[in-house]
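Trainee: What shape does this take:
(one chain, ligands or ions: 1)
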Amino acid sequence: MKKYAISDIHGCAKTFKALVEQINLSKGDELYILGDYFHRGPDVKGVIDYIWQLQAEGFFVKCLMGNHEVLFVQALLEGPGSHYFDDQETLDSFGVKGIHDIPKKYRSWIKELFIFTEVDEYILVHAGLNFNATEVMSDIDSMIWIRGWYDNIDKDWLNGRIIVHGHTPATKLEIMGSLRTLEEIPAIDIDGGCVFKREGLGYLCAFEMTERKLSFMRNIDVEV
Ligand SMILES: [Mn+2]
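Mentor: Below you'll find the predicted structure:
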């Protein structure tokens, strides 16, 4: 049985589907998605529909929340004209004019996403952990938003656990490099910056946690 983590799909439904097919996901496997389904890419609706399709077919898929989903929920709460969410492509993927016109089942789904989860020796979270917090696992805001936190990692607190996260785009080489340095830095950033054009970015990454193997899919939704 394999256990995969994928993060920061950002509306790239074709790339996501191609990666799931590339890893040859089986019904006994587990797939964890670490947030940021929304924004930037062309087919947010398609990403969520594909997750639901997998689940309906009997695949195990557990979804965490990213900051782009938080922004979306804040915009829903704030009402029309909210500055929290301004993404025409996301609206276009649903064929609607405003976020409140997005069907309720999608809006409700976002509110049900998990903030973090633990799988074997791994802690899975969108952005990372704030080791300066009094209660590391209570700092939800940091779990969703934090950047540049590796210098504060408390290995004693982790007690052998490894943090798998996304949120900060990393090049393919950086992601592969972090897999080799888990002893020193027990964290791996699997956000391959799939929607970004910068050198080394433009990949969606799947991390198989049991055998610690990486798979990459070049973006096929947008030009990168
Ligand atoms: Mn993010």
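
Trainee: just the helices in the protein please.
Mentor: Using DSSP state H, the helices of the chain run over residues 13-22, 44-56, 67-78, 88-94, 104-111, 140-145, 155-158, 172-180.

Trainee: who's in contact with the closest residue to residue 113 other than its chain neighbours?
Mentor: Across the structure, with Cβ to Cβ, 6 or more residues apart in numbering as the measure, the residue nearest residue 113 apart from its sequence neighbours is residue 65 (3.8 Å). C-beta coordinates here come from the backbone N, C-alpha and C atoms, glycine included. By Cβ atoms under 8 Å, 6 or more residues apart in numbering, residue 65 lies in contact with 35, 110, 113-115, 126, 144.

Trainee: Drop the exposed ones from the residues you listed and show what's left.
Mentor: Restricting these to buried positions leaves 35, 110, 113, 126, 144, with burial counted as 16 or more other Cβ atoms under 10 Å.

Trainee: Of the residues you listed, which ones also sit close to the ion?
Mentor: Intersecting the buried ones among the contacts of residue 65 with the contacts of the ion gives an empty set (criterion: Cβ under 5 Å from the ion).

Trainee: Quick check: pLDDT value at the closest residue to the ion within the chain.
Mentor: Residue nearest to the ion within the chain: residue 167 (3.8 Å; Cβ to the ion). Turning to residue 167, the model gives it a pLDDT of 98.

Trainee: residues near it, how many?
Mentor: The criterion is other Cβ atoms under 10 Å. On that basis, residue 167 has 25 neighbouring residues.

Trainee: Settle this for me: it is touching residue 147, isn't it.
Mentor: Yes - Residue 167 lies in contact with residue 147 (Cβ atoms under 8 Å); the separation is 7.0 Å.

Trainee: mind putting the helices of the chain in TSV, distance to residue 28 and mean pLDDT included?
Mentor: Rendered in TSV, the data for those read as follows (distance: least, Cβ to Cβ, whole Å; pLDDT from 0 to 100):
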stretch	distance to residue 28	mean pLDDT
helix 13-22	15	98
helix 44-56	13	98
helix 67-78	28	91
helix 88-94	31	90
helix 104-111	25	94
helix 140-145	29	98
helix 155-158	28	98
helix 172-180	24	98
